[in-house]
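> Build me a model from this:
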Amino acid sequence: MTPSNYIDLGFRPRPWQTDSLKRRKRFNVEVVHRRGGKTVKEIARTIDAALRCTLLRPHYGYIAPELKQAKGIAWEYIKQYTRPIPGVKVNESELWVELPNNSARIRIFGADNPESLRGFYFDGVVMDEVADMKPEVWSSIILPALLDRGGWADFIGTPKGINLFSEMYYRALQDPDWYASIRTVYDTGALSQAEIDLARASMTEAQFRQEFLCDFTAGSENALLSVDEVQAAAGRHLREDQFSFAAKVIGVDVARQGDDRTVIFRRQGLAAFKPIVMHKADSMEVAARVISEMTAFGPDAVFVDGTGGYGAGVIDRLRMLGHSPVEVQFAARATDPRFTNKRTEMYWDLAEWLKSGGALPDLAELKVELCTPTYDHKGNGGSMRLEAKDAIKARMGKSPDMADALALTFAFDVAPGVRGLLAEVATNQSGRAVTDYDPFNR
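Numbers count the residues shown, from 1 in each chain. Next comes the predicted model:
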């Protein structure tokens with residue numbers, strides 16, 4: 001922009017904001033502590049982009065979880081920083097400003113009314129406090145609205161546990177086309193040391209870590225696994241001789257309905273391998289893929305989730321073709337009375353395996369799913385009880401299918417080299433596996 005058409009918006013970025021603006025890519029995920037200046041920076045960035053855009057009638061959106069919240073957070077800032085622009089138009093009822101170049105508009109939206117977002121195209125979008133939004137707002141509405149004009153998207157917020165925002169952050173870390181960053185209270189310079197000390201003294205340690213140190217797991221003191229533990233496992237590399245002697249196991253979590261996925265997970269000792277993920281596959285397709293994986297991997301046992309009867313078709317098909325899968329009911333009685341049900345026991349064994357040196361494939365979705373479940377001791381007789389799958393799905397916006405499939409590989413102890421014995425000794429007259437019996441319990 002030449003000096004003759006230079007416009008001073010009045011925004012003076014802090015060093016961290018300047019660094020962020022220089023590093024940005026088409027898609028950006030920024031985790032910033034409370035009161036760090038993330039919203040102001042994003043509004044200035046959006047106005048600048050709108051002024052520079054040469055496309056016809058550019059559209060930009062600022063989206064918060066609720067329209068009222070979006071208006072309270074950003075509307076005054078948008079008006080403040082567009083006020084120096086000659087010819088700017090402001091619509092208070094529809095919450096948009098229109099700039100003089102190509103009639104570029106910046107508009108406020110609430111994700112609580114997804115239908116209000118449909119029908120728009122966007123050249124750029126800011127999604128603030130993503131943790132409180134439904135995942136489909138991004139995947140089904142905003143992303144398609146960006147594609148025809150090559151629009152960009154920025155995701156900003158402060159951690160609120162393990163959810164869509166944390167998943168997007170960890171996924172962005174792995175994608176060279178995305179930018180991801182965490183800015184704690186000690187990185188931004190937004191608050192004085194006296195204010196930081198006051199906040200720490202007024203909050204619990206977990207609250208301070210979450211709000212000001214941007215710790216995704218700080219609010220989950222009863223989480224089965226921490227982010228650090230899962231990250232360490234995902235970065236672990238094993239030599240083949242560290243697992244080649246162990247039994248080979250496959251876990252199959254069969255999709256229940258809707259957007260749930262069928263996942264096939266292979267594990268040998270301390271090594272878990274990249275899972276197979278299938279969308280909207282029927283029983284015949286799933287069984288065929290399981291057989292393909294069995295042929296390639298040569299497992300000593302295959303455990304299939306039969307909860308709710310969803311895996312019954314897969315199990316029946318495998319048996320019809322001469323294989324011996326073992327049906328596992330997540331709600332079945334645990335082998336160890338310390339646990340309320342089989343699902344809790346499997347996840348506990350998974351967690352112990354991971355902490356003892358287990359190696360995970362480095363997949364953002366898997367890591368988020370493993371960090372999400374919490375537990376309590378409110379089961380029968382004070383037994384340990386894992387958070388219900390439906391509750392996890394409500395928080396994450398999707399089912400933890402990858403984590404469930406990996407957990408299934410811990411359904412029972414399996415000895416190497418005894419393929420087929422499991423089905424022979426652990427079935428009843430109907431041909432279905434009796435899941436509360438462990439044939440390899442020595």
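
> contacts, neighbours, all on C-alpha from now
Will do.

> Distance check, the residue lying closest to L270 once chain neighbours are set aside against D112.
Once flanking residues are discounted, L270 sits nearest to G358: 4.4 Å by Cα to Cα, 6 or more residues apart in numbering. G358 sits 40 Å away from D112, going by Cα to Cα, to the nearest Å.

> And for P15?
Relative to D112, and taking Cα to Cα, P15 is found at 34 Å.

> Of those two, which one has the most company?
Taking neighbours as other Cα atoms under 10 Å, P15 and D112 compare with D112 leading, 17 against 12.

> L146: neighbour count?
L146: 19 surrounding residues under other Cα under 10 Å.

> cool, N380 as well?
13.

> now swap in F243 and tell me
17.

> cool, and the one 4 residues further on?
For A247, the tally of surrounding residues (other Cα under 10 Å) stands at 20.

> How about it, nearest residue that isn't a chain neighbour?
Per Cα to Cα, 6+ apart, closest to A247 is P416, 4.0 Å.

> Test my guess that F339 contacts M346.
No - using Cα atoms under 8 Å, F339 makes no contact with M346, being 9.5 Å away.

> one step back: for the residue nearest to A247, which three-state class applies?
The three-state assignment at P416 reads coil, by DSSP: H, G, I helix; E, B strand; the rest coil.

> Now it: phi and psi?
phi -70, psi 150 (degrees, to the nearest 10).

> which one is L99 nearest to, not counting chain neighbours?
V88 (4.8 Å).

> give the contact list for the one you found.
Taking Cα atoms under 8 Å, 6 or more residues apart in numbering, we find V88 in contact with 82, 97-100.

> how far does stretch 190-204 sit from the chain's center?
Averaging C-alpha coordinates over stretch 190-204 and over its chain gives two centres that are 30 Å apart (Cα atoms, centre = their mean, to the nearest Å).

> ok, for R24, nearest residue in space, not its chain neighbours?
Nearest to R24 is Y179, by Cα to Cα, 6+ apart, at 6.1 Å.

> Would you verify that that neighbour is located in a helix?
No - Y179 is assigned strand when assessed by three-state DSSP, not a helix.

> which residues sit in contact with it?
23-25, 27-29, 172-173.

> want to try CSV for these, with secondary structure and distance to P58 as columns?
Listed next are the contacts of Y179 as CSV, based on DSSP: H, G, I helix; E, B strand; the rest coil; distance: Cα to Cα, whole Å:
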residue, secondary structure, distance to P58
R23, helix, 23
R24, coil, 20
K25, coil, 19
F27, strand, 18
N28, strand, 20
V29, strand, 23
A172, helix, 26
L173, helix, 29
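
> so which of the residues you listed is the most crowded?
Counting by other Cα under 10 Å, top hit in the contacts of Y179: V29 with 27 neighbours.

> who's it bridged to?
F155, A180 (DSSP bridges).

> Is the spatially most central residue of the chain in a helix, a strand, or coil?
When Cα atoms, centre = their mean is applied to the chain, the residue found nearest the centroid is E167 (2.9 Å). Secondary structure assignment for E167 (three-state DSSP): helix.

> Number of residues surrounding the residue nearest to A247?
Count around P416 with other Cα under 10 Å applied: 15.

> ok, now which ones touch it?
245-248, 300.

> now Q231
Counted by Cα under 8 Å, 6+ apart, Q231 has contacts K367.

> K274 touches F265, doesn't it?
Yes - K274 lies in contact with F265 (Cα under 8 Å); the separation is 7.1 Å.

> the more surrounded of these two?
F265 (28 against 15).

> Am I right that the more buried one sits in a strand?
Yes - checked against three-state DSSP, F265 lies within a strand.

> And the residue nearest to it when sequence neighbours are not counted, how far from E293?
Closest residue in space to F265, ignoring its immediate chain neighbours: P275 at 4.6 Å, by Cα to Cα, 6+ apart. Distance of P275 to E293, computed by Cα to Cα: 10 Å.

> likewise F155?
38 Å.

> likewise A104?
A104 is 53 Å from E293, where distance means Cα to Cα.

> Repeat that for N113.
Counting by Cα to Cα - N113 and E293 are separated by 43 Å.

> who's in contact with stretch 254-263?
With Cα under 8 Å, 6+ apart, stretch 254-263 has contacts from 252-253, 275-281, 286, 304-306, 310-311, 398-399, 401-402, 405.

> What residues of it count as buried?
Applying a neighbour-count criterion of 16 or more other Cα atoms under 10 Å, one finds 254-256, 260-263 buried in stretch 254-263.

> Stretch 216-234 now?
Buried, per 16+ other Cα under 10 Å, within stretch 216-234: 216-220, 223-227, 229-234.

> Start and end of that stretch, how far apart?
Using Cα to Cα, the end-to-end distance of stretch 216-234 comes out at 17 Å.

> how about the helices of the stretch 201-350 of the chain, start to end?
205-212, 227-234, 283-297, 312-320, 342-355 (DSSP state H, counting those that start in this stretch).

> number of nearby residues for D349?
The number of residues near D349, taken as other Cα under 10 Å, comes to 16.

> how close does it sit to A407?
From D349 to A407 the distance is 8 Å (Cα to Cα).

> And for A131?
A131 sits 26 Å away from A407, taking Cα to Cα as the criterion.

> same check, this time on I291
Applying Cα to Cα to I291 and A407 gives a distance of 20 Å.

> next one: E369
Taking Cα to Cα, one finds E369 at 11 Å from A407.

> Look at the two and report which has more neighbours.
Between E369 and A407, counted using other Cα under 10 Å, A407 has the larger neighbour count: 25 against 22.

> give the contact list for that one.
Contacts of A407 (Cα under 8 Å, 6+ apart): 251, 343, 346-347, 349-350.

> Pick the one among the residues you listed closest to L270.
L350 (10.4 Å; Cα to Cα).

> Point me to the helix or strand that includes the residue lying closest to the closest one once chain neighbours are set aside.
In space, and not counting its chain neighbours, L350 is closest to A407: 5.9 Å by Cα to Cα, 6+ apart. If you go by DSSP states H and E, A407 is part of helix 401-408.

> hey, C-alpha coordinates of that helix in PDB?
What follows is helix 401-408, C-alpha atoms only, in PDB (Å, rounded to 0.1, in the frame of the first residue of the first chain):
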ATOM      1  CA  ASP A 401     -13.800 -44.700  17.600                       C
ATOM      2  CA  MET A 402     -10.100 -44.800  17.200                       C
ATOM      3  CA  ALA A 403      -9.500 -45.000  21.000                       C
ATOM      4  CA  ASP A 404     -12.200 -47.600  21.300                       C
ATOM      5  CA  ALA A 405     -10.600 -49.800  18.600                       C
ATOM      6  CA  LEU A 406      -7.200 -49.500  20.300                       C
ATOM      7  CA  ALA A 407      -8.700 -50.300  23.700                       C
ATOM      8  CA  LEU A 408     -10.200 -53.500  22.200                       C
END
